[in-house]
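[1] sequence plus predicted model, see below.
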Amino acid sequence: MSRPTRSLAAAALAGATVLSLATAMPAAAQSSAATTQPNSPTSAAQPNSTAQPNTGAPAAGKCSDEPQDLPIHEFTDHRELGIELDRIERVSGGRVEVEEIGRSNQDREIWSARVGHGPKSVLLTSEIHGNEKVGTDALLRLLDFVGTSDSAKAQKWRSELTIVAIPKMNPDGAELDRRGNDMTWDEVVEEYPQLADAEPAWNYYTEPRQGDDYSQRPGFDINRDYNPDLSYEPKPEDLPGESADTGWFLSPETRAVRDVYVDLTEEFGKVDTYVDLHHQGACYVMPDDPDRFVTMSISGKFVDDPATTPGYEQYADDYDLDYAKQLNVATYNALQAKANDNPLFGNITLYPQDTNLPGTGLGSFALNGSGAVLYEVRGQTQTLGQKYREQLTKTVYFGLEGMLSSIATGQVDNLDPAAYDAIPPRGPSIGDAEATARVDEP
Ligand SMILES: [Zn+2]
């Protein structure tokens with residue numbers, strides 16, 4: 001799919017982010033977006049009404065996706081996650097139920113937290129890529145709010161929604177601060193002896209990647225390990241597969257999430273909404289302004305239309321792209337409103353729409369009828385560390401807050417799916433193209 005033209009994107013942007021554009025971009029916000037960039041008030045103070053690239057100091061060349069060793073201790077690690085979930089469960093007075101839903105390959109607990117008793121089920125997952133940590137912190141804040149607040153909003157959510165959050169679903173990758181999990185092909189074959197003669201899966205990492213050495217500790221990109229056939233069992237003829245194929249549930253982490261999804265489907269008829277929280281490259285800029293980094297890209301489209309894709313026709317009746325678009329519009333609108341407080345919340349773009357990834361959680365669950373939503377905040381730990389943790393955590397939180405309120409009130413059904421297509425597309429990355437390519441995957 002080709003991107004909308006610049007003028008279309010600029011028109012959409014001008015309509016949607018008038019508040020953020022009208023507000024002079026504070027130097028503090030700008031400097032927090034690019035450490036080495038000199039303050040360039042011209043880039044922000046100009047109303048930019050023509051949507052031409054600014055003539056002020058360009059950010060180009062001032063951002064890199066090359067891996068660095070950066071501090072991450074402010075993020076919630078696995079041990080802290082257990083403590084915090086336990087605390088939330090305790091102070092919620094029975095509203096939040098925390099459960100161990102499985103163990104990772106290295107025997108770490110994978111927890112779910114459930115809150116609310118409404119008819120619409122919402123599943124939220126984070127840190128399927130262990131170097132993408134903001135979502136976990138955002139989910140903890142969300143659970144704390146909905147579990148403890150007596151506000152009308154929280155009460156509405158609890159009565160209309162059943163929220164199940166699985167923060168840090170790949171705890172082994174998270175502890176290693178890397179994308180993949182921590183599992184060898186031999187361990188897969190031990191679990192599935194029928195694969196003894198099969199070629200290892202295409203998403204099995206055994207070489208350095210994003211600054212991590214998988215040669216000593218191999219692992220899988222488990223966000224290619226899902227299958228829309230939720231009862232799928234691995235078959236040797238389906239290996240090694242490729243990016244456009246379905247996955248196999250080879251990892252205990254994806255099986256744990258799959259089992260929760262299946263249980264919710266049995267309980268509610270379907271999982272209304274599924275959100276997966278990620279990070280993308282650090283150097284993407286707005287389509288009309290190379291001085292403004294993209295704070296977050298969002299998407300509701302992960303697979304080719306099953307109605308016209310051979311082998312996927314059985315999913316066509318359940319697949320509901322329009323609903324996914326409405327959920328994204330709810331997210332987008334909420335963040336544009338927040339741009340009034342801080343322009344960085346307004347720098348939201350549409351993730352590339354030409355993806356066909358049925359082996360992702362989003363792809364597989366979308367094919368099963370869930371409104372699927374991807375959040376991709378700026379920069380993984382190897383490029384930004386914890387530098388923008390608070391800003392990005394708030395971005396995810398406000399996006400989820402707006403989306404959940406929209407579902408709970410039913411407003412989401414009144415949103416125009418076409419507004420999704422008017423969200424500005426992600427602009428180019430101004431980092432080194434090769435380094436960016438290595439991080440440009442959901
Ligand atoms: Zn990711």
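    Looks like it arrived, so ask away.
[2] can you mark which positions in stretch 236-245 are buried?
    238-239, 241, 245 (16 or more other CB atoms under 10 Å). (C-beta placed from N, C-alpha, C; glycine too.)
[3] tell me the two of the residues you listed that are most distant?
    L239 and D245 (9.8 Å; CB to CB).
[4] just give me the closest of the buried residues of stretch 236-245 to I163.
    D245 (31.4 Å).
[5] tell me which strands the host helix or strand of V285 pairs with, and in which orientation.
    Using DSSP states H and E, V285 sits within strand 285-286. Paired neighbours of strand 285-286 in the sheet (DSSP bridges): strand 289-293 (antiparallel).
[6] export the strand it pairs with as PDB, just CAs?
    The C-alpha coordinates for strand 289-293 follow below in PDB (Å, rounded to 0.1, in the frame of the first residue of the first chain):
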ATOM      1  CA  ASP A 289       8.100  18.200   9.800                       C
ATOM      2  CA  PRO A 290      11.600  16.700  10.100                       C
ATOM      3  CA  ASP A 291      12.100  18.500  13.300                       C
ATOM      4  CA  ARG A 292       9.400  16.700  15.200                       C
ATOM      5  CA  PHE A 293       9.900  13.100  16.200                       C
END
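[7] list the contacts of whichever helix or strand comes after that strand.
    Later in the chain than strand 289-293, the nearest helix or strand by DSSP H and E is strand 296-299. With CB atoms under 8 Å, 6 or more residues apart in numbering as the test, strand 296-299 has contacts from 280, 284, 328, 331-332, 335, 347-353, 355, 373-378, 392, 395-396, 399, 423, 426, 442.
[8] please redo it, this time with the cut-off set to 6 Å
    With contacts defined as CB atoms under 6 Å, 6 or more residues apart in numbering, strand 296-299 is touched by 328, 331, 348-349, 351, 374-377, 395, 426.
[9] any of those residues buried? List them.
    Among these, the ones that count as buried (16+ other CB under 10 Å) are 328, 331, 348-349, 351, 374-377, 395, 426.
[10] up against the ion, what does the stretch 101-250 of the chain have?
    Contact residues (CB under 5 Å from the ion) of the stretch 101-250 of the chain with the ion: 129, 132.
[11] hey, where'd the strands end up in the stretch 101-250 of the chain?
    In the stretch 101-250 of the chain, the segments counted as strands under DSSP state E, counting those that start in this stretch are 109-115, 120-126, 161-166, 204-205, 219-220.
[12] give me the below-cutoff pLDDT ranges for the chain.
    1-61 (pLDDT under 70).
[13] after the longest helix along it, which helix or strand is next?
    In the chain, with assignment by DSSP state H, the single longest helix is helix 389-409. Downstream of helix 389-409, the next assigned helix or strand under DSSP H and E is helix 418-421.
[14] list the contacts of stretch 328-337.
    16, 298, 300, 345-346, 348, 373, 398-399, 402-403, 406, 412, 415, 419-420, 423.
[15] if we can go back for a sec, export the strands of the stretch 101-250 of the chain to TSV and append columns for mean neighbour count.
    As requested, these are exported to TSV (neighbours: other CB atoms under 10 Å):
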stretch	mean neighbour count
strand 109-115	22
strand 120-126	25
strand 161-166	25
strand 204-205	20
strand 219-220	28
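[16] so out of everything in the stretch 1-150 of the chain, what residue is nearest the ion?
    H129 (3.7 Å; CB to the ion).
[17] isn't that residue right up against R179?
    Yes. Using CB atoms under 6 Å, H129 is in contact with R179, at 4.6 Å.
[18] in the stretch 151-300 of the chain, which spans are helices?
    152-160, 171-175, 185-191, 252-268 (DSSP state H, counting those that start in this stretch).
[19] rebuild those as TSV, extending it with distance to D69 and mean neighbour count.
    What follows is the helices of the stretch 151-300 of the chain, written out as TSV (distance: least, CB to CB, whole Å; neighbours: other CB atoms under 10 Å):
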stretch	distance to D69	mean neighbour count
helix 152-160	40	16
helix 171-175	16	26
helix 185-191	28	15
helix 252-268	26	19
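[20] include distance to G385 when you put these into JSON lines, please.
    As requested, these are exported to JSON lines (distance: least, CB to CB, whole Å):
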{"stretch": "helix 152-160", "distance to G385": "33"}
{"stretch": "helix 171-175", "distance to G385": "15"}
{"stretch": "helix 185-191", "distance to G385": "31"}
{"stretch": "helix 252-268", "distance to G385": "24"}
